[in-house]
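>>> Give me a 3D structure for the following:
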Amino acid sequence: MKKKKILLFGTFDVLHPGHTALFKQARRYGDKLTIILARDRTIKEIKKHMPVYGERARKRALEKSGLVDHVVLGSLQDKYRAINKIKPDIICLGYDQTNFVGALEEKIKSFKLSTRIVRLKPFKPHLYKSTILTRYVRHQIHTRERRGGKTQ
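Down below sits the predicted model:
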């Protein structure tokens, strides 16, 4: 029996329980979960700041988490390239994901795929919204640096 492939895009800068819930939700739709990880340069262009952790560190953290099957760094040239290469059965979108979503259905059709798009539900967004946690981690790092402490 063919395994269903799931694709999930994201930054995943500071991993938190909201991400864990997202990965678990996505897994309900198939057997193999692949993450397309946003590149540092893409994050800078979209969010107007660099991530706390660089793309290689974020990739390693996801791989070590045991929550996903495969992690691929996104393309800097064509944000949809991975879809055509992986040919997922399902693309899961975060509840608040808006970047590169507008043309997604058209791109899938242009690749002659029958990939289904699913919008996932939030998990305690008032506690686990990435932007809030990222600000907190940045503050902690900055405070440690001012005191002469080491950062990870």
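>>> In the protein, what residue spans correspond to helices?
17-27, 40-47, 55-65, 81-86, 104-110, 125-128, 130-146 (DSSP state H).
>>> Buried residues, the third one. List them.
Translated: helix 55-65. For helix 55-65, a neighbour-count test (16 or more other CB atoms under 10 Å) marks 55, 58-59, 61-62 as buried. (Each C-beta comes from the backbone N, C-alpha and C, glycine too.)
>>> list the helices and strands it packs on?
Based on contacts counted as 3 or more CB pairs under 8 Å, 6 or more residues apart in numbering; DSSP states H and E, the elements that helix 55-65 packs against are strand 32-37, strand 70-73.
>>> Out of those strands, which is closest to P88?
Nearest of the helices and strands packed on helix 55-65 to P88, taken as CB to CB: strand 32-37 at 7.2 Å.
>>> quick one: strands adjacent to that closest one?
Applying DSSP bridges, strand 32-37 is found paired with strand 5-10 (parallel), strand 70-73 (parallel).
>>> Now the longest one: buried residues?
Just to be clear, that refers to strand 5-10. Going by neighbour count (16+ other CB under 10 Å), the buried part of strand 5-10 is 5-10.
>>> residues in contact with it?
Strand 5-10 has contacts (CB atoms under 8 Å, 6 or more residues apart in numbering) with 19, 22-23, 26-27, 29-38, 68, 74, 82-83, 86-94, 97, 100, 115.
>>> ok, of these, which come out buried?
Buried among the contacts of strand 5-10 by 16+ other CB under 10 Å: 19, 22-23, 26-27, 29-30, 32-38, 68, 74, 82-83, 86, 88-94, 100, 115.
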